[in-house]
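Enquirer: Return a 3D structure for these sequence lines:
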Amino acid sequence: MPPKAERKEFTDFGLKNEPPADKGKRKYLWDSKADGLGLRVTDKGVKAFVIMPRIKGELWLKTLGTYPQTSLKEARINAGLLLSRIRAGEDPRSEERQEEDAEAAAQAPAAPVDTYTVRKAVAAYEKAHISRLKPRSQLEARRPLQKILLAKWPDRALADVSKADLREVLSRMAEGGNPVAANRALANLKAFFNWCLGEDRLTVNPCVGIRDPGGNETSRDRVLSDEEIRTLWPILEETDYPFGFLTTSQRRDEGANLRWSEIADLEGENPVWTIPAAKNKGGRLHEVPLSPLAVRLLRSLPRIAVKTEAGKPVLSDFVFTTTGKGPVSGFSDGKERMDKLTIREFKRIERETGNTPAPLTRWTLHDLRRTAASGMARDDIPPHVVSRVLNHSPGKAEGITAVYNRHGYLREKRHALETWAGKLEILIRPIGANVVRMRG
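Expert: Numbering: from 1, shown residues only. Below you'll find the predicted structure:
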């Protein structure tokens, strides 16, 4: 919002009755209830919500939608979300530039039919290399090819993709608040172009000489607040598998690949999820005690039936699945869906309570695992027990003692996870309710 701008509280009555600007001019009004939210009015009476934050010392005008097609409530929520991203260090202007680049690329003339295009190269790489990787590696290798190469230059000759093209896209990704993703994208693009070199489709790798756009990666320390957990919980339930990061604190792929056959005593007093050594990062058999909250959530999940080769239906062994034939995947797309559901949840909270929730700073799936670990530590669970719950490798502090200490810490891990689950139940229980809200 420009300095010294006058502000007044927006209402639907006032917005509807706001007169047009003087002939040949535009005027701006600023909301006193939502920081940065403004209304632009033309001399024809056309009204649009705008926001004008200062990013890196420069004022940036962004249109949020015309009024009344975009409601006042929606504009306030979107303005709050956008400002929270900017305060967290993101530069949303890069998204506009990417959209402009995509439009320009779409208008560029296609390469001749017999030219070896980006699309052909990616298809060949998919068949010869990506298809042979592990599922998680496939997703990581495929993402920059789809999000960058195929999204921007599908019909461009492969040899015409320049270092400047790639450096600009990756830099914008890093500046937009995704430095780690930008580094990962560069690594996978290098591998792709190296493969093309080996197939004699290129004479030089355009990624050579591009430094990591996200710089040196440092450990993240994002931990969700209690209020953020309350806001996110309905979304975690609706998208199924992410609740496991909070209730069990295990890794993304371990939770997504959970099978019913790995769970013992689900109906008994000591339910346990056993992760085989071959399926976890530590390479050790890992037992995860299931808290009452985790058990109730698991029991609420549907079982999907699949047909065998003989044509007989059997229940799928995958806990989190859409087809019954494999576990959930597409984590990046899933996170985008969760972000959209977050906006919907904000609208629901405001509609039912009349209060606008505090903006939710950008978060990742791994933040849920870190939040669980921090919550257990906050409840005075000893660090070595939290480490066993997370299945971390023994550190230097334990030294050679870890070789001889084969105690599984099952009892201590159960106490830690049940203590944390008890805290979660208090947070997510609706006011005045006596039970945890379950998915319907």
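Enquirer: In a helix, residue 39, correct?
Expert: No. Per DSSP: H, G, I helix; E, B strand; the rest coil, residue 39 lies outside any helix segment and is strand.
Enquirer: Distance check, it against residue 312.
Expert: 63 Å (C-beta to C-beta, to the nearest Å). The way it works is simple: take the backbone N, C-alpha and C, and place the C-beta from them, glycine included.
Enquirer: Quick check on the two: which one has the bigger neighbour count.
Expert: It is residue 39, of residue 39 and residue 312, that has more neighbours when counted by other C-beta atoms under 10 Å, with 21 against 9.
Enquirer: need the contact list for that one.
Expert: Contacts for residue 39 (C-beta atoms under 8 Å, 6 or more residues apart in numbering) come out as 10, 15, 18, 28-31, 47-50, 67.
Enquirer: Output those as JSON lines; include the columns neighbour count.
Expert: Converted to JSON lines, the contacts of residue 39 look like this (neighbours: other C-beta atoms under 10 Å):
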{"residue": "10", "neighbour count": "23"}
{"residue": "15", "neighbour count": "18"}
{"residue": "18", "neighbour count": "16"}
{"residue": "28", "neighbour count": "16"}
{"residue": "29", "neighbour count": "19"}
{"residue": "30", "neighbour count": "19"}
{"residue": "31", "neighbour count": "23"}
{"residue": "47", "neighbour count": "19"}
{"residue": "48", "neighbour count": "18"}
{"residue": "49", "neighbour count": "27"}
{"residue": "50", "neighbour count": "20"}
{"residue": "67", "neighbour count": "21"}
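Enquirer: between those, which is closest to residue 162?
Expert: Nearest to residue 162 among the contacts of residue 39: residue 50, at 36.0 Å, using C-beta to C-beta.
Enquirer: residues touching the closest one, list them.
Expert: Neighbours of residue 50 in contact, by C-beta under 8 Å, 6+ apart: 28, 37-40, 61-64.
Enquirer: If we use 10 Å, what do you get?
Expert: Contacts for residue 50 (C-beta atoms under 10 Å, 6 or more residues apart in numbering) come out as 1, 28-30, 36-40, 61-65, 75, 79.
Enquirer: That one belongs to a strand, doesn't it?
Expert: Yes. Assessed by three-state DSSP, residue 50 belongs to a strand.
Enquirer: does it have beta-bridge partners, and which?
Expert: residue 38, residue 63 (DSSP bridges).
Enquirer: quick check: domain ranges of the protein?
Expert: When the chain is parsed with automatic domain parsing, its domains come out as 7-71, 93-198, 226-428.
Enquirer: how close does residue 76 get to residue 257?
Expert: Counting by C-beta to C-beta, the gap from residue 76 to residue 257 is 40 Å.
Enquirer: Please read the previous query as pertaining to residue 322.
Expert: Residue 322 is 14 Å from residue 257, by C-beta to C-beta.
Enquirer: Neighbour count for the two, which is higher?
Expert: More neighbours surround residue 257 than the other of residue 322 and residue 257, with 23 against 13 (other C-beta under 10 Å).
Enquirer: where does the closest residue to that one other than its chain neighbours fall, helix, sheet strand or coil?
Expert: Take residue 257 and drop its neighbours on the chain: the residue closest to it by C-beta to C-beta, 6 or more residues apart in numbering is residue 327, 4.7 Å away. Under three-state DSSP, the three-state class of residue 327 is coil.
Enquirer: Phi and psi next, for residue 327.
Expert: Backbone torsions for residue 327, taken as degrees, to the nearest 10, come to phi -80, psi 170.
Enquirer: For the remainder of this discussion, apply numbering that starts at 32.
Expert: Yep, numbering from 32; the last one is residue 358 now.
Enquirer: tell me the contacts of it?
Expert: 166, 272, 284, 286-290, 347-352.
Enquirer: Pick out the most distant pair among the contacts of residue 81.
Expert: Greatest spatial distance among the contacts of residue 81 (C-beta to C-beta): 32 and 96, at 17.6 Å.
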